[in-house]
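Trainee: Based on what follows, work out the 3D shape:
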Amino acid sequence: LASYIINSERLATPIYPNDATTIVSLLDLNPSRPGEDEDEDQGPPFEIFEAGTGMGSLTLHIARALHAANPPLPAPLRQTLISSPFKPHYDFATSRGCLDISPEEQASLDEYASSRRAVLHTLDRNSKHARAAYKLVRNFRRAQYLPSVDFHVGSVDGYLSQRLEQNGGQPFLSRAILDLPSAHENAERVIEALHPNGLLILFKPSISQIADFQAWSTETKQPVRMEKVIELYSTTTSEGGVHDSSGGRHWDVKTVVPRAEQGQAGNNKPVQVMRPKVGERVAGGGFVAVLRRWPVSGMSVREASEEETEVQE
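Mentor: Numbers count the residues shown, from 1 in each chain. Predicted coordinates:
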């Protein structure tokens, strides 16, 4: 997956694989397989909202984590997803119905979508980004993780307001990720849509943006508590990108036959080379904040804000 992300064409800067892996672990996802938990099977789907699809790197990582929770996709439907072209002049407001397929095939896809137990809704304001991210997910392992994702184009407030209205004003999200320049301008509706005890993840390039969000949430008395703030290390593409590293320094260990110097005969005796890998392009880095949604009648904002925020490096 990491090599696929690094080497794919992109219209937006990706969340590099090591950072995406960290964010997915912070989401604390524990999907059960269909049939393992009767309550989960009969309950509403586990829904995640991602604002800021971008290239689709984090989208693909989250979809992989959710995959086991959903029923298997029939082989003919999977082939339909893989081989079908987009509808001509489709505006990509949503990925549901974006393929040029027969009504019967679309009905089968819709029926499968209604049976999903875990869904990622990813939204971007740019239709070109959403379309490219859809292709990125579709082209990985023959669309294995595509059925777990719904792509949307529009505003955060517009999409979530419509969903809340359809749901009678009740929250429906279990997790949310905001990868936006001004997250606090869109967060109020996201917090409203989060279930109590749901997690909100912020991904920011600077710590001051995390501090701005914390100040806004305190001033506006949002029912969230900041649980931790983590700095994502900047790494080389070799360490954190291609090899999907979760930490540690990569070394180059190999056996070579030295070249003979000019005018001298070589002895062809192999030697070992052991040294840290250097010279790769620096990639990744930033800050991630994890906030938990509290019931309005539960912990007060003042109590939450007075607790010391855990900062990890």
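
Trainee: Give the rounded mean pLDDT of the strand or helix carrying residue 64.
Mentor: Taking DSSP states H and E as the criterion, residue 64 maps to helix 57-66. In this model, helix 57-66 has an average pLDDT of 98.

Trainee: ditto for stretch 171-191
Mentor: For stretch 171-191, the mean confidence score works out to 94.

Trainee: Could you do stretch 26-33 as well?
Mentor: Mean pLDDT, computed over stretch 26-33, is 94.

Trainee: Tell me which stretches of this structure form strands.
Mentor: Remark: strands assigned in the chain by DSSP state E are 46-51, 118-124, 149-153, 173-178, 194-204, 224-232, 235-236, 251-256, 271-276, 282-283, 286-293, 310-312.

Trainee: residue nearest the centroid of this structure?
Mentor: residue 58 (2.8 Å; CA atoms, centre = their mean).

Trainee: just checking, that residue touches residue 149?
Mentor: No - assessed by CB atoms under 8 Å, residue 58 is found out of contact with residue 149, at 11.2 Å. C-beta here means a position set from N, CA and C on the backbone, and glycine is covered the same way.

Trainee: Without its sequence neighbours, what residue ends up closest to residue 268?
Mentor: Nearest non-adjacent residue to residue 268, counting by CB to CB, 6 or more residues apart in numbering: residue 257, 5.8 Å away.

Trainee: next one: residue 80
Mentor: Closest residue to residue 80 apart from its sequence neighbours, by CB to CB, 6+ apart: residue 105 at 5.3 Å.

Trainee: swap in residue 203?
Mentor: Here the residue nearest residue 203, using CB to CB, 6+ apart, is residue 179, at 4.6 Å.

Trainee: Name the spans of the protein whose pLDDT lies under the cut-off.
Mentor: For the chain, the stretches with pLDDT under 70 are 235-249, 259-267, 275-284, 297-313.

Trainee: got the residue ranges for the helices in it?
Mentor: With DSSP state H, the ranges of helices along the chain come out as 2-7, 17-26, 38-42, 57-66, 75-83, 103-114, 127-138, 156-166, 187-193, 207-219, 301-306.

Trainee: Compare the ones you listed and give me the one nearest residue 290.
Mentor: helix 17-26 (5.4 Å; CB to CB).

Trainee: Return the set of buried residues in the closest one.
Mentor: Within helix 17-26, the residues that count as buried by 16 or more other CB atoms under 10 Å are 17, 18, 19, 20, 21, 22, 23, 24, 26.

Trainee: ok, back up a step: and the residue nearest to residue 80, what is it in contact with?
Mentor: Applying CB atoms under 8 Å, 6 or more residues apart in numbering to residue 105 gives the contacts 77, 80, 84.

Trainee: ok, now with 10 Å
Mentor: Residues in contact with residue 105 (CB atoms under 10 Å, 6 or more residues apart in numbering) are 76, 77, 80, 81, 84, 99.

Trainee: Could I have the CA atoms of the helix holding residue 64 written out in PDB?
Mentor: The C-alpha coordinates for helix 57-66 follow below in PDB (Å, rounded to 0.1, in the frame of the first residue of the first chain):
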ATOM      1  CA  SER A  57      -4.200   8.300   0.900                       C
ATOM      2  CA  LEU A  58      -5.800   8.400   4.300                       C
ATOM      3  CA  THR A  59      -9.100   7.400   2.700                       C
ATOM      4  CA  LEU A  60      -7.500   4.200   1.500                       C
ATOM      5  CA  HIS A  61      -5.900   3.400   4.800                       C
ATOM      6  CA  ILE A  62      -9.200   3.800   6.700                       C
ATOM      7  CA  ALA A  63     -11.100   1.800   4.200                       C
ATOM      8  CA  ARG A  64      -8.600  -1.100   4.600                       C
ATOM      9  CA  ALA A  65      -9.200  -0.900   8.400                       C
ATOM     10  CA  LEU A  66     -13.000  -1.100   7.900                       C
END
